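1. the following block contains a protein sequence and its predicted model.
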There are 2 protein chains.
Amino acid sequence: MTVFTCNPLPHLNATLITFEIEGGVIEVEEAFALDFPTLPLNQGVILSGRGPIWLFARLVHHYHPALWVAVHDPRLGYIVVQSHSKERREGEVIASSL
Amino acid sequence: MTVFTCNPLPHLNATLITFEIEGGVIEVEEAFALDFPTLPLNQGVILSGRGPIWLFARLVHHYHPALWVAVHDPRLGYIVVQSHSKERREGEVIASSL
């Protein structure tokens, strides 16, 4: 099972979604059948969790309509990978302590 | 430095792009300044390499106009993560030995 936790981050005008894969392993079929949480798309979406590259690829694609999408790199912070906003540019690193 | 190698896979109607990050580490700034190879987009694009999640996210987004996009999971094969084609569905696993 995969659990999604959504935390609004009003200071960043974003929602942080953290996913946790129970047991650490997910099958492709299960990953592509998951329903992702419905989020406000007029702000940013930040994705965090440990999972296969293709699950991240699916998540980033799914939330593409959001104002911007970032992924959490525990070493660096939140890396903006897509943006439809002048407020955030692709390649920007947002400190995750913010 | 990051090196991209492109291999046409005519039997899959796709191009395989393999990237290699010299030394295994890439800075965010460098990753977002990379020019990606120009590829035929009327077929599939398969991404392969070892790199951070945000580089994959950028690559998948960049090649989104392609007929379909897959990522290489060495354990499983090529996982289709986006498709504009009836020939390939998202979540499909293509054997990489093909």
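-> Thanks, I have the structure now.

2. which residues in chain A form strands?
-> For chain A, applying DSSP state E gives strands covering A:2-9, A:14-21, A:44-49, A:68-73, A:77-83, A:93-94.

3. the ones you listed: which one's closest to chain B?
-> strand A:77-83 (4.0 Å; Cβ to the nearest Cβ). Using the backbone N, CA and C atoms, a C-beta is placed for each residue, glycine as well.

4. do the closest one and chain B come into contact?
-> Yes: part of strand A:77-83 sits near chain B under the criterion Cβ under 8 Å from any Cβ of the partner chain, namely A:79, A:81-82.

5. residue contacts, A:P8?
-> Applying Cβ atoms under 8 Å, 6 or more residues apart in numbering or on different chains, we find A:P8 in contact with A:14-16.

6. A:F56 and A:R50 touch, don't they?
-> No: using Cβ atoms under 8 Å, A:F56 makes no contact with A:R50, being 10.0 Å away.

7. compare these two (neighbour count), which wins?
-> A:F56 (23 against 13; other Cβ atoms under 10 Å in any protein chain shown).

8. tabulate the strands of chain A in TSV, adding columns for mean pLDDT.
-> Listed next are the strands of chain A as TSV, based on pLDDT from 0 to 100:
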stretch	mean pLDDT
strand A:2-9	96
strand A:14-21	97
strand A:44-49	97
strand A:68-73	97
strand A:77-83	96
strand A:93-94	97
